[in-house]
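Student: attaching a predicted model along with its sequence, questions to come.
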Amino acid sequence: MNTYKIAVIPGDGIGLEVVPAAIEVLDKIAVIDGSFQFEWTYFPWGCEYYLEHGVMMPEDGIETLKKFDQIFLGAVGMPHLVPDHISLWGLLIKIRREMKQSINVRPAKLLAGLESPLKNPQNFNITVVRENSEGEYSDSGGRIHSGADEIAIQNAVFTRKGTERAMRYAFELAKNTKGHVTSATKSNGLTHSMPFWDEVFNSVKKDYPEINSVSNHIDALAAYMVMKPETLDVIVASNLFGDILTDLGGAIMGSIGIAPAANLNIEREYPSMFEPVHGSAPDIAGKGIANPIGQIWTGKMMLDFLGHHEAGTRILNSIEKTLASGIKTGDLGGTSTLADVKDAIIKNL
Ligand code: NAD
Ligand code: IPM
Ligand code: MN
């Protein structure tokens, strides 16, 4: 019997509601499967913790997390209590960077039982590979002068290693999908970083002659995701482009509340972190109406990463069965509560 030690950070807002729901599902699938179990350790890090302690996590927080097999996180951010740049850079982005979780895998596919807002959605199945540790998310820059002359500078930092790593991950993934990789670029508008991105893409693709590949401008690609998502397969994107495309991925599935994600340390040197695409949704927090599917599907991605594909598939099948039976939260047009959806998914496992 494998015992996985998981650090749990529910975080803020609906993170506090969807994480316990997903853990119930994961504990149930562990019992059904019988070959593994979870040992969960909770950490109360988030905006309330910040208000009490002046930091988002203790000084030795990263060292503490390194002792775990994986991290299961809800969402971070309560912008009316703590400014986002403090809360996110103090917890979520800090963990991604210090644990070298440089690849963020974010699938978007049409699920059975779900109505996409697209008029005529074909059966799309997209995986966005988002570079997760550099690019537009950089702490390089600053503000100079003041008043009418003030200038704000935000530098983007692309390393060859980081860019290549994301691209190779995408090509490797495409060996087991439809065999197509799209690179999201903006080489027509961004004079320095994105021609570099294209150069690296063109050199990496030479190593994968069996994979079809194309570069699309990010603006056109966003439109393709709406107009012809079924033509897409694996997309590799920079940190910010990937961020934006994956909320769009959630939206075309039916709701960002169901979109899962995995922040991977592909070298398996440090724990990876599993947290859905959506945020803390302060507008619906505490009401028991948040959709737990994003967090539960994220749990399935954790099982996949741990090698338990059969258990993972069972979770996704159960999600689809639940949706097809009409049990849906408000974001998907239903009237069920978070607890209704979670209970039905457990029953359908
Ligand atoms: P959000 O994803 O929290 O919410 C956007 C919209 O989607 C809201 O209307 C919300 O109600 C809805 N929504 C999101 N998840 C849902 C779910 N599971 N079920 C039903 N509806 C859902 O994005 P935002 O409003 O831009 O950000 C709110 C806070 O979350 C901010 O502090 C932001 O920085 C933070 N955030 C954190 C993460 C993270 O920790 N991974 C991700 C995104 C945003
Ligand atoms: C996400 C979020 C974060 C990001 C924010 C909250 C910093 O939007 O995980 O998609 O941009 O990476
Ligand atoms: Mn995002």
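Tutor: All right, it came through fine. Ligands and ions are numbered 1, 2, ... in the order given.

Student: in stretch 196-204, which residues are buried?
Tutor: Applying a neighbour-count criterion of 16 or more other Cβ atoms under 10 Å, one finds 197, 200, 201, 204 buried in stretch 196-204. Where C-beta positions appear, they are placed from N, C-alpha and C, glycine not excepted.

Student: after the helix or strand hosting the last one, next one along is what?
Tutor: Okay, so that is residue 204. Using DSSP states H and E, the element containing residue 204 is helix 193-205. Remark: after helix 193-205, the chain's next helix or strand is strand 212-217, criterion DSSP H and E.

Student: for the residue in the stretch 151-300 of the chain positioned nearest to ligand 1, give me its contacts.
Tutor: Of all residues in the stretch 151-300 of the chain, residue 279 sits closest to ligand 1, at 2.3 Å by Cβ to the nearest ligand atom. When contacts are counted by Cβ atoms under 8 Å, 6 or more residues apart in numbering, residue 279 is found next to 13, 75, 76, 77.

Student: repeat for residue 91
Tutor: When contacts are counted by Cβ under 8 Å, 6+ apart, residue 91 touches 9, 11, 45, 46, 56, 57, 76.

Student: list the buried residues for stretch 55-73?
Tutor: Neighbour-count burial for stretch 55-73, counted by 16+ other Cβ under 10 Å, picks out 56, 57, 61, 65, 68, 69, 70, 71, 72, 73.

Student: give me the secondary structure label for the last one.
Tutor: When states are read from DSSP: H, G, I helix; E, B strand; the rest coil, the local structure at residue 73 comes out as strand.

Student: what's the answer for the second one, then?
Tutor: Applying three-state DSSP to residue 57 yields a three-state assignment of coil.

Student: surely it is in contact with residue 92?
Tutor: No - contact criterion Cβ atoms under 8 Å: residue 57 and residue 92 do not qualify, at 10.3 Å.

Student: could you count how many residues lie near the closest residue to ligand 2 within the stretch 1-150 of the chain?
Tutor: As assessed by Cβ to the nearest ligand atom, ligand 2 sits closest to residue 88 within the stretch 1-150 of the chain, at 4.2 Å. Using other Cβ atoms under 10 Å, residue 88 has 19 other residues around it.

Student: show me the contacts for it.
Tutor: Residue 88 is in contact with 76, 77, counting by Cβ under 8 Å, 6+ apart.

Student: repeat that for residue 69.
Tutor: 4, 5, 6, 271, 306.

Student: just name the closest of the buried residues of stretch 55-73 to ligand 1, please.
Tutor: Checking these against ligand 1 by Cβ to the nearest ligand atom gives residue 73 as the nearest, at 7.0 Å.

Student: which non-adjacent residue is nearest the closest one?
Tutor: Closest residue in space to residue 73, ignoring its immediate chain neighbours: residue 275 at 3.9 Å, by Cβ to Cβ, 6 or more residues apart in numbering.

Student: so the one you found sits right up against residue 77, yeah?
Tutor: No - Residue 275 is beyond contact range of residue 77, at 11.9 Å (criterion: Cβ under 8 Å).

Student: what segments of the stretch 101-250 of the chain are helices?
Tutor: Secondary structure of the stretch 101-250 of the chain, counting by DSSP state H, counting those that start in this stretch: helices at 160-174, 193-205, 218-227, 239-253.

Student: buried sites along the third one?
Tutor: So the one you mean is helix 218-227. For helix 218-227, a neighbour-count test (16+ other Cβ under 10 Å) marks 218, 221, 222, 225 as buried.

Student: what of stretch 36-43?
Tutor: For stretch 36-43, burial by neighbour count (16+ other Cβ under 10 Å) applies to 36, 38, 40, 43.

Student: any chance of the residues you listed in a markdown table, plus pLDDT?
Tutor: Formatted as a markdown table, the buried residues of stretch 36-43 follow (pLDDT from 0 to 100):
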| residue | pLDDT |
| --- | --- |
| 36 | 98 |
| 38 | 98 |
| 40 | 98 |
| 43 | 98 |
